[in-house]
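Asks: Need a 3D model of the sequence below.
(one chain, ligands or ions: 1)
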Amino acid sequence: MNKQKCVVCGKGLLRAVTVSREVDYNDDGSALKIQVKLPAEKCSHCGETFFGPQAAQVEHAALCRALGLLTPKEIVALREALGLSQEEFSDLTGIGRATISRWERGRLLPNKAMDHYLRLVKKSKNNLKYLREIAHAK
Ligand SMILES: [Zn+2]
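Replies: As a prediction, the model looks like this:
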């Protein structure tokens, strides 16, 4: 990473740091607190800390793990292991393309039901075969 000047004070240089942060998650019924270590950049002069898109990804993946859900990387790996594009995966599973894309980019958490569905698809070739039969029967 290139050394960038701080946009707050304009004097210091940014250096890579790891920031420990507590994240609260609340969704109907499930509330939890998790501790995450986020990649960030800190100004050597004013001490301002900057978080980029990478921090959001790390936080999202940590939340997925804490909730027992597949992480974005795991969802991508699952789909790629089947040799399917997002569009093909969408046609096969009936899950919207935009939803798949958001899961894979860490913009949306799958709910429990969808997480179980994905795990079933991943679990056995037979499940995939049944799914193809269902998708083609329509
Ligand atoms: Zn600064």
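
Asks: okay, now the domains of the protein?
Replies: Listed by automatic domain parsing, the domain ranges of the chain are 14-67, 72-137.

Asks: in the lengthiest helix in the chain, what's buried?
Replies: Of all the segments assigned as helix in the chain under DSSP state H, the longest by residue count is helix 53-67. For helix 53-67, the neighbour count (16 or more other Cβ atoms under 10 Å) marks 55, 57-64, 66-67 as buried. C-betas here are computed from N, CA, C, even on glycine.

Asks: Likewise for stretch 43-51?
Replies: Going by neighbour count (16+ other Cβ under 10 Å), the buried part of stretch 43-51 is Cys43.

Asks: Ends of it, what's the gap?
Replies: Across stretch 43-51, the terminal residues are separated by 12 Å (Cα to Cα, to the nearest Å).

Asks: can it be found next to the ion?
Replies: Yes: judged by Cβ under 5 Å from the ion, stretch 43-51 comes into contact with the ion through 43, 45-46, 48.

Asks: Just flag the most distant two among the residues you listed.
Replies: Spatial extent of the residues of stretch 43-51 next to the ion (Cβ to Cβ) is set by the pair His45 and Glu48 at 8.6 Å.
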